[in-house]
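Q: only geometry, no sequence info:
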């Protein structure tokens, strides 16, 4: 159970006093109106009731201005909830919107909040004044002059004993202010909280950010995964083959692949950084020869067939098609090694079809040269694929984002990846 000291903790928090100030500021409007009518010279209880009611139409009219909701939300965020100004910090979302009114419902809730803040502020201002006056009267009674203030509750008589009661009205006032501030913070969440439209907009923005993060992750996976797979295959094969000519070709292929991967990495980093510079063009199917040559340099025998005008393929489809082809070839080298590969790229009337068909590892392919060299490449490819991967899932995700379809599986004595992407 919380101890007695924990009950006093709100009195040591700065946010308690910023809430108090926020409420007292709400009393400014009725006090100013009261100076005009009915006046503040010895007002009666009926006068105070009139003072509380007269400004309501004016406040409701002001609440119709869309930007008022934004102003009230910013004030509430700053003064009603813990933040840099408070001794107790909190990472909790206050749940108060700082957007202008976008509907009549927003205006109605803003009006209700402003009226509540005005009435609560006026009540707290009157209570604060009365309790402070009572404390001063107790001081006066202790010193022999009880008429120093004129609170609603009169202090009978005089005497030093009243000095012990001086802190009581102050403590009561602090407790009332803390309770009123806590209740107003809850009311702010209800009346100034995000509307349904704002929640949907925030959800859409969060979804867009997640999709962008997933897209960048796929870009890095496909580009760097392709480059690293080729580098591992080439380096391992060169070490195992012990053939100077093959080693030279392998190093050249590693250099070219690494340079292309660095270019792709730079494009991804430009998307992540706020540099103000536009990111360069991403690779598209028009650069598919680079992928095919990389696969050939790794020992695979690649037979490619391209039909239809690649330049007519829309940019997003062409770029995603390039990445799909890259991942499919990477999977072949990673999991099957230097086997026979047949690539078909067909631009048809309403769709783009990509097919990557390869024989399975150990099917007897001797692509890339003589037995010892091909065996070395195959062994390196098997080592590169030992860790598994997420390539097929990435291919399916890319196809699904464009409204297409991807299928992969064993066909005869080989493996087939087939992807259909709509062009319209």
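A: Sure, I can see it. All values derive from a computational prediction rather than experimental measurement. Numbering: from 1, shown residues only.
Q: Compute the distance between residue 137 and residue 146, please.
A: Distance of residue 137 to residue 146, computed by C-beta to C-beta, to the nearest Å: 6 Å. No exception for glycine: its C-beta is placed from N, CA and C like everyone else's.
Q: give the contact list for residue 38.
A: With C-beta atoms under 8 Å, 6 or more residues apart in numbering as the criterion, the residues that contact residue 38 are 47, 50-51.
Q: Take those residues and keep only those in helices.
A: Members of the contacts of residue 38 lying in helices (criterion: DSSP state H): 47, 50-51.
Q: ok so, going back, now the common contact residues for residue 137 and residue 146.
A: Contacts common to residue 137 and residue 146, judged by C-beta under 8 Å, 6+ apart, are 154-155.
Q: on that earlier part again, reformat the ones in helices among the contacts of residue 38 as CSV; add neighbour count and pLDDT.
A: As requested, the ones in helices among the contacts of residue 38 are exported to CSV (neighbours: other C-beta atoms under 10 Å; pLDDT from 0 to 100):
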residue, neighbour count, pLDDT
47, 16, 88
50, 16, 91
51, 22, 91
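Q: what's the closest of these to residue 178?
A: Nearest to residue 178 out of the ones in helices among the contacts of residue 38 is residue 51 (C-beta to C-beta; 25.6 Å).
Q: who are the neighbours in contact with the closest one?
A: With C-beta under 8 Å, 6+ apart, residue 51 has these contacts: 30-31, 33-34, 38, 43, 122.
Q: Also residue 157?
A: Residue 157 sits in contact with 141, 146, where contact means C-beta under 8 Å, 6+ apart.
Q: let's have the chain start at 677 instead
A: Will do, 677 is the new start, and the previous item becomes residue 833.
Q: Which pLDDT value does the model give it?
A: Looking at residue 833, its pLDDT stands at 73.
Q: Mind listing what's buried along stretch 740-750?
A: For stretch 740-750, burial by neighbour count (16 or more other C-beta atoms under 10 Å) applies to 744-746, 748-749.
Q: And stretch 800-807, by the same measure?
A: Quick answer for stretch 800-807 (16+ other C-beta under 10 Å): 800-801, 804, 806-807.
Q: could these be laid out in JSON lines, adding secondary structure and pLDDT?
A: Shown next, in JSON lines, are those (DSSP: H, G, I helix; E, B strand; the rest coil; pLDDT from 0 to 100):
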{"residue": "800", "secondary structure": "helix", "pLDDT": "94"}
{"residue": "801", "secondary structure": "helix", "pLDDT": "93"}
{"residue": "804", "secondary structure": "helix", "pLDDT": "91"}
{"residue": "806", "secondary structure": "helix", "pLDDT": "88"}
{"residue": "807", "secondary structure": "helix", "pLDDT": "90"}
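Q: Tell me the one of the residues you listed nearest residue 1087?
A: Closest to residue 1087, out of all of those and judged by C-beta to C-beta, is residue 800, at 78.5 Å.
Q: what about the nearest residue to the closest one once chain neighbours are set aside, how many neighbours?
A: Spatial nearest neighbour of residue 800, chain neighbours left out: residue 699 (4.9 Å); criterion: C-beta to C-beta, 6 or more residues apart in numbering. Each residue near residue 699 was counted by other C-beta atoms under 10 Å, and the total is 24.
Q: do residue 937 as well
A: Neighbour number of residue 937 under other C-beta under 10 Å is 19.
Q: Show me what the helix or strand it falls within packs onto, helices and strands only.
A: Here residue 937 is covered by helix 920-948, with elements defined by DSSP states H and E. Applying 3 or more C-beta pairs under 8 Å, 6 or more residues apart in numbering; DSSP states H and E, one finds that helix 920-948 contacts helix 872-917, helix 964-973.
Q: Show me which parts of the shortest one are buried, residue by residue.
A: Okay, so that is helix 964-973. 964, 967-968, 970-973.
Q: How about the contacts made by the nearest residue to residue 752 once chain neighbours are set aside?
A: Leaving aside its chain neighbours, residue 752 sits nearest to residue 864 (4.4 Å; criterion: C-beta to C-beta, 6+ apart). Applying C-beta under 8 Å, 6+ apart to residue 864 gives the contacts 752, 756, 770, 772, 789.
Q: Run through the residues that contact the second one.
A: The one in question is residue 756. 691, 694-695, 698, 770, 772, 857, 860-861, 864.
Q: Relative to residue 1016, which of these is nearest.
A: residue 770 (63.2 Å).
Q: and the residue lying closest to the closest one once chain neighbours are set aside, how many residues sit next to it?
A: Leaving aside its sequence neighbours, residue 770 sits nearest to residue 757 (C-beta to C-beta, 6+ apart; 4.1 Å). Residue 757: 21 surrounding residues under other C-beta under 10 Å.
Q: OK, contacts around residue 757?
A: Applying C-beta under 8 Å, 6+ apart, the residues contacting residue 757 are 691, 766, 770, 772, 861.
Q: one step back: how about a markdown table for the buried residues of stretch 740-750, with pLDDT, distance to residue 988 and secondary structure added?
A: Below are these laid out as a markdown table (pLDDT from 0 to 100; distance: C-beta to C-beta, whole Å; DSSP: H, G, I helix; E, B strand; the rest coil):
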| residue | pLDDT | distance to residue 988 | secondary structure |
| --- | --- | --- | --- |
| 744 | 93 | 54 | helix |
| 745 | 93 | 50 | helix |
| 746 | 92 | 48 | helix |
| 748 | 93 | 55 | helix |
| 749 | 92 | 51 | helix |
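Q: Closest one to residue 1027 out of the residues you listed, please.
A: Distances from residue 1027 to those, taken by C-beta to C-beta, are shortest for residue 746, at 48.4 Å.
Q: Not including adjacent chain positions, what is the nearest residue to the closest one?
A: Nearest to residue 746 is residue 776, by C-beta to C-beta, 6+ apart, at 4.9 Å.
Q: Correct me if wrong: that neighbour contacts residue 747.
A: No: Residue 776 lies out of contact with residue 747 (C-beta atoms under 8 Å); the separation is 9.2 Å.
Q: before we move on, back to that, from the buried residues of stretch 800-807, which is closest to residue 922?
A: Using C-beta to C-beta, the buried residues of stretch 800-807 come closest to residue 922 at residue 800, 86.1 Å.
Q: what pLDDT, on average, does whatever helix or strand residue 1071 lives in get?
A: Under the criterion of DSSP H and E, residue 1071 resides in helix 1067-1077. Averaged over helix 1067-1077, pLDDT sits at 83.
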